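Asks: need a structure here:
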Amino acid sequence: MAGGRILLDYNIDLDISGALLLAFIYSVMKIRYSETPENQKYIRFVVFAFLTAVFDIINAFCISNALTFPVLFCKINYVIYYMCQIMMAYYICSYIAGLVDLRTGNKDYKSKMLPVKIMVIFSFFSMILNVIFGFFNNFDHQNGYTHGPFFFVMFALPVCITMYSLILVILGNIVLSHLEIYIMVFFYTLVIGGVLIRTFILVNYMLDEFFVAFGALGVLFLLETPDYRKLMETMNSLEKARREAENEKNISNKYRIEAEKQRDLAQSATKAKDNFIISMSHEIRTPINAVLGMNEIIMRNETDPELKSCAESAIMSGNTLLSLINDILDLSRIESGKIELVNEKYDVASLIQDSCNIIHDRASKKKLKFYVESDRDVPSSLIGDMVRVRQVIVNMLTNAVKYTDEGSVTMKVECKCDGNKANLIVKVKDTGIGIKQEDIEKVFEKFGRAEIKRNYNVEGTGLGMPLSRDICNAMGGSIEVKSTYGEGSTFTAVFPQTIADFRPIGNMSVDNRGNASVKERYHLFEAPEARILVVDDTKVNLKLFKKLIEPSKVMVDSAISGQEALKQITLYKYDMIFMDHLMPEMDGIETFKAMEKLPQNLNKETPVIMLTANAITGMREEYLGIGFKDYLPKPVKGEKLELMIMQYLPKEKMTIIDHTESDSKK
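Replies: Numbering: from 1, shown residues only. Predicted coordinates:
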């Protein structure tokens with residue numbers, strides 16, 4: 001240690017984040033899910049992954065301060081860290097072997113795990129010998145931390161166990177579902193990617209455990225939910241019934257009775273999947289709401305540029321995670337036939353402008369030229385689902401920018417009209433790496449990617465283009481790609497729409513609003529005499545709500561349950577009430593209905609806003625139909641929250657803050 005200070009040569013922020021995420025996963029499993037023989041192995045994997053992250057952090061301090069820390073302490077910590085890593089690999093093997101046994105009905109779990117147990121025992125004794133002889137690594141006060149002559153050999157056993165678990169996945173391909181295989185491939189991609197990045201690129205960043213934690217999160221919400229397990233049991237029953245039906249030559253009374261049973265099972269499966277989607281949306285969005293919101297508070301109040309930069313990076317990462325969650329939710333909705341198209345009148349020029357602004361910064365960072373061409377005869381206003389149309393366009397533009405390192409990306413908009421019907425055609429052309437003809441179909445495969453070795457460092461999960469195709473198909477349109485390998489690709493999407501205004505759009509020029517990021521606004525008003533009640537069963541969400549509107553000086557009361565909220569509304573008259581949906585004992589809808597029936601309620605006319613992480617398509621209409629005044633999905637941004645309050649707060653209690661003068665001085 002220099003000058004008595006503890007040194008740290010590694011960045012441990014991501015390892016800490018990984019440990020916290022793993023602790024969250026463990027809490028969810030313990031609190032929300034009942035422990036079963038099937039998920040015990042997954043829970044143990046999470047525990048050892050958490051311990052690996054913790055001892056990895058301690059190990060970072062040991063390596064950085066090996067000249068000062070007790071030698072025995074450093075050696076023992078490294079043994080524990082290494083064995084936790086081995087046990088983490090052991091339990092992922094155990095989890096996969098158990099999953100295969102569950103699907104096949106075989107009981108050869110012990111024989112599958114015998115090679116792994118031998119490797120674990122060998123690892124333990126080799127680490128004990130290493131403490132004595134130091135042939136892997138060593139700690140002493142003369143040389144600090146040093147690698148032994150066989151340093152790289154110590155990584156052979158974790159690699160062998162990992163490869164063995166991959167073999168189990170491959171052998172289980174026949175009985176495992178596509179989703180299970182995709183999730184395990186996604187998990188291994190994260191784990192191996194994290195190790196490679198830490199080893200060869202970001203040597204001083206301990207990010208492999210963060211990647212492991214994120215992979216474990218995917219396994220939790222996609223494979224380990226009770227709804228999914230119930231769904232798989234139902235789907236197995238349906239598959240068995242289908243095979244039996246194919247062998248039947250004549251329809252009999254017995255077949256009709258069986259068909260009715262299977263119909264009931266199918267309805268049960270659909271309901272289970274819907275519950276799974278809602279649960280997943282709520283469970284993941286709730287912690288993201290706190291992460292993004294708290295970092296927004298830091299961005300507002302922190303003056304240290306380095307800390308503001310860290311908060312900004314955390315917000316960007318959170319938004320990326322949120323985008324991934326939205327893609328997975330969209331995929332689940334489409335596969336279950338639950339995608340809903342909201343057809344409304346929209347301005348075509350705004351659609352083009354918004355799409356360009358979203359992608360402009362990414363193209364600028366790669367120094368790509370970005371062109372927009374629009375036929376002057378395109379109708380100025382159409383009727384359709386603008387949100388979904390924009391989602392497809394942005395996916396095409398994002399895909400083009402990702403796979404283009406130099407040159408340009410061009411978006412062309414045209415329209416073919418037939419009476420009051422029109423096909424809006426959007427083409428995105430790039431000068432990127434192109435696609436081989438035999439790989440074109442992979443572009444539209446879920447979780448698929450062409451030339452994995454060549455494009456392994458390109459970000460993304462492989463859901464964007466498959467989702468775009470499904471959205472186009474749901475609209476009655478199409479999307480296709482033409483590509484020349486090494487020269488670039490052209491994606492063409494066709495959206496059937498209805499013409500609302502036949503006037504042509506004319507010569508449209510896209511302005512440069514995308515050159516600068518939009519600064520989040522807050523402190524839009526002050527209302528010290530206003531009083532608001534917020535109801536949420538998560539304390540960190542209540543704290544975040546108060547922090548976000550703190551500049552407005554609004555008095556905020558909080559209730560952590562529906563019962564507590566019912567007491568509050570009999571004591572105080574509020575100007576607004578924000579209500580969470582999914583709460584234990586009495587949820588938000590039940591609380592709202594109880595409020596209407598409560599004789600002592602002082603807030604019969606108070607607007608009640610649904611503030612929830614349940615962001616499934618169609619929920620807004622459902623909430624408004626129940627009687628809620630409005631709907632605000634999580635994660636919540638300060639600006640949207642303030643604008644919502646300004647919309648319903650009595651005008652006489654508000655003082656609007658004019659930022660024009662202060663902005664001009666800046």
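Asks: So Ile92 sits against Met163, correct?
Replies: No. Between Ile92 and Met163 there is no contact under C-beta atoms under 8 Å: 11.9 Å. Every C-beta, even on glycine, is put in place using the N, C-alpha and C of the backbone.
Asks: contacting residues for Gln437?
Replies: Counting by C-beta atoms under 8 Å, 6 or more residues apart in numbering, Gln437 touches Ser483, Tyr485.
Asks: Which residue, other than its chain neighbours, is closest to Ser165?
Replies: Cys93 (4.3 Å; C-beta to C-beta, 6 or more residues apart in numbering).
Asks: Sticking with that neighbour, tell me its helix or strand.
Replies: Per DSSP states H and E, Cys93 falls inside helix 71-104.
Asks: re earlier: who's more crowded, Ile92 and Met163?
Replies: Neighbour comparison, Ile92 and Met163: the larger count goes to Ile92, with 29 against 9 (by other C-beta atoms under 10 Å).
Asks: show me what contacts the more buried one?
Replies: Phe45, Ser165.
Asks: who does Val409 bridge with?
Replies: With DSSP bridges as the criterion, Val409 is bridged to Phe370, Asp430.
Asks: Tell me, what's the model's pLDDT at it?
Replies: On the pLDDT scale, Val409 is placed at 91.
Asks: swap in Ile315?
Replies: On the pLDDT scale, Ile315 is placed at 66.
Asks: Tell me how many other residues surround Asp108.
Replies: By other C-beta under 10 Å, 11 other residues sit near Asp108.
Asks: who touches it in this structure?
Replies: Asp101.
Asks: now it: how far from Val100?
Replies: 9 Å (C-beta to C-beta, to the nearest Å).
Asks: Verify the stated contact: the residue nearest to Ser165 with Leu168.
Replies: Yes. Under the contact definition of C-beta under 8 Å, Cys93 touches Leu168, with a separation of 6.5 Å.
Asks: Just want to know which of the two has more residues nearby.
Replies: The neighbour comparison of Cys93 against Leu168 (other C-beta under 10 Å) goes to Cys93, with 26 against 21.
Asks: need the contact list for that one.
Replies: Applying C-beta under 8 Å, 6+ apart, the residues contacting Cys93 are Met113, Val116, Ile161, Tyr164, Ser165, Leu168.
Asks: give me that answer again for 10 Å
Replies: Each residue near Cys93 by C-beta atoms under 10 Å, 6 or more residues apart in numbering is listed here: 41, 45, 112-113, 115-117, 119-120, 161-162, 164-169.
Asks: follow-up on the earlier one: pLDDT on the helix holding Cys93, on average?
Replies: Across helix 71-104, pLDDT averages out at 85.
Asks: buried sites along it?
Replies: 74-75, 77-103 (16 or more other C-beta atoms under 10 Å).
Asks: for stretch 638-655, same thing?
Replies: Gly638, Glu639, Leu641, Glu642, Met644, Ile645, Leu649, Met654.
Asks: now do stretch 145-165
Replies: Tyr145, Met154, Leu157, Pro158, Cys160, Ile161, Thr162, Tyr164, Ser165.
Asks: Need the CA coordinates for it. PDB is fine.
Replies: Taking C-alpha atoms only, stretch 145-165 is exported to PDB below (Å, rounded to 0.1, in the frame of the first residue of the first chain):
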ATOM      1  CA  TYR A 145       1.000 -11.700  -6.500                       C
ATOM      2  CA  THR A 146       2.700 -13.800  -9.100                       C
ATOM      3  CA  HIS A 147       1.700 -16.400 -11.700                       C
ATOM      4  CA  GLY A 148       3.100 -19.900 -11.300                       C
ATOM      5  CA  PRO A 149       4.500 -22.000 -14.200                       C
ATOM      6  CA  PHE A 150       1.200 -23.800 -14.700                       C
ATOM      7  CA  PHE A 151      -1.100 -20.700 -14.300                       C
ATOM      8  CA  PHE A 152      -3.200 -21.300 -17.400                       C
ATOM      9  CA  VAL A 153      -3.700 -24.900 -16.500                       C
ATOM     10  CA  MET A 154      -5.900 -24.000 -13.600                       C
ATOM     11  CA  PHE A 155      -8.500 -22.600 -16.000                       C
ATOM     12  CA  ALA A 156      -8.700 -26.000 -17.800                       C
ATOM     13  CA  LEU A 157     -11.100 -27.500 -15.300                       C
ATOM     14  CA  PRO A 158     -13.700 -24.700 -15.400                       C
ATOM     15  CA  VAL A 159     -13.500 -24.800 -19.200                       C
ATOM     16  CA  CYS A 160     -13.900 -28.600 -19.200                       C
ATOM     17  CA  ILE A 161     -17.000 -28.400 -16.900                       C
ATOM     18  CA  THR A 162     -18.500 -25.600 -19.100                       C
ATOM     19  CA  MET A 163     -17.800 -27.700 -22.300                       C
ATOM     20  CA  TYR A 164     -19.400 -30.700 -20.600                       C
ATOM     21  CA  SER A 165     -22.500 -28.700 -19.800                       C
END
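Asks: from the middle of its chain, how far away would stretch 156-173 be?
Replies: Remark: stretch 156-173 is offset 27 Å from the chain centroid, using C-alpha atoms, centre = their mean, to the nearest Å.
Asks: got it, and stretch 46-65?
Replies: Per C-alpha atoms, centre = their mean, the centroid offset for stretch 46-65 relative to its chain is 26 Å.
Asks: residue contacts, Tyr164?
Replies: Neighbours of Tyr164 in contact, by C-beta under 10 Å, 6+ apart: Ala89, Tyr90, Cys93, Ile96, Ala97, Lys112, Met113, Pro115, Val116, Met119.
Asks: from the residues you listed, which two are the most distant?
Replies: Ile96 and Met119 (15.4 Å; C-beta to C-beta).
Asks: Buried residues, the host helix or strand of Val481. List them.
Replies: Per DSSP H and E, Val481 falls inside strand 478-484. The neighbour-count check on strand 478-484 (16+ other C-beta under 10 Å) flags Ile479, Val481, Ser483 as buried.
Asks: now the residues you listed in JSON lines, with pLDDT and distance to Arg362?
Replies: Output for the buried residues of strand 478-484, formatted as JSON lines (pLDDT from 0 to 100; distance: C-beta to C-beta, whole Å):
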{"residue": "Ile479", "pLDDT": "92", "distance to Arg362": "21"}
{"residue": "Val481", "pLDDT": "91", "distance to Arg362": "20"}
{"residue": "Ser483", "pLDDT": "89", "distance to Arg362": "21"}
